[in-house]
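>>> model this:
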Amino acid sequence: MDRWPTGRLLSTAARLVEHSWNEKLGAIGLTHAGVIAIEVLAAQGPMTQAQLAQFVRVQAQTMGKTLTRLEAHGHIARVRSTSDRRSQVVSLTDSGREAAAAAVEMERSVLAAATIDPDLLRHELQAVVRELASQFSSPATRALVDGSPLS
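Residues are numbered from 1 along each chain as shown. Predicted structure coming up:
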């Protein structure tokens, strides 16, 4: 690892954390992708499946699969939109809010296994993301860092 480029170290660390986290999340019917979806719903409120897919930056079909799993575990509810019968409005359930809180604790337990300060790591990673994103002028990159949907 001493000779690995920084990008490979970051990528490997991310995969290892995500794999360990997904193992824990499975016990409550979640995956990493599901956590992202419920976090967006918790922060932004109910929205259509298409809007949620845009926020998370995945294809609508991919989001549909994630939502089917979340709905099967009672974490979200989908109802037909009253303004557009072709779309569904997705909302977080009480179970989904509880699962989101549990996911935060599970993530902490994954990082607690390392001999580093998880808050310091988080701060440093945020700085890297902000710095690198500031070098790009594309609206998509700015939206990614700002956490806003693509226009």
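
>>> what's the weakest-modelled helix or strand in the chain?
Ranking every helix and strand in the chain by mean pLDDT, DSSP states H and E puts helix 139-146 at the bottom, with a mean of 66.

>>> Please work out how many residues are found near Arg57.
14 (other C-beta atoms under 10 Å). For glycine as for every other residue, the C-beta is placed from the backbone atoms N, C-alpha and C.

>>> pLDDT score assigned to it?
At Arg57, the model reports a pLDDT of 86.

>>> Could you do Ser151 as well?
pLDDT at Ser151 comes out at 54.

>>> Point out where this protein drops to low pLDDT.
Within the chain, the segments meeting pLDDT under 70 span 137-151.

>>> hang on, isn't Leu67 packed against Ile76?
Yes. Taking contacts as C-beta atoms under 8 Å, Leu67 lies within contact range of Ile76: 6.1 Å.

>>> Between those two, which contacts overlap?
Counting by C-beta atoms under 8 Å, 6 or more residues apart in numbering, the shared contacts of Leu67 and Ile76 are 37, 90.

>>> can you pull the contacts of the residue most central in space within the chain?
Nearest to the mean C-alpha position of the chain, by C-alpha atoms, centre = their mean, lies Ile36 at 2.1 Å. Counting by C-beta under 8 Å, 6+ apart, Ile36 touches Val56.

>>> and with 10 Å instead?
If a contact means C-beta atoms under 10 Å, 6 or more residues apart in numbering, then Ile36 has 52, 55-58, 66, 103 as its contacts.

>>> okay if I get those as TSV plus secondary structure?
As requested, the contacts of Ile36 are exported to TSV (DSSP: H, G, I helix; E, B strand; the rest coil):
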residue	secondary structure
Leu52	helix
Phe55	helix
Val56	helix
Arg57	coil
Val58	coil
Thr66	helix
Ala103	helix
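
>>> State the pair within these that is farthest apart.
Arg57 and Ala103 (19.4 Å; C-beta to C-beta).

>>> just the helices in the chain please.
Assigned helices in the chain, in chain order: 6-25, 32-44, 49-56, 60-72, 94-112, 118-134, 139-146 (criterion: DSSP state H).

>>> The residue lying closest to Thr62 once chain neighbours are set aside and Arg8, how far apart?
Excluding the flanking residues, the one nearest Thr62 by C-beta to C-beta, 6 or more residues apart in numbering is Ala53, at 7.1 Å. According to C-beta to C-beta, to the nearest Å, Ala53 and Arg8 sit 30 Å apart.
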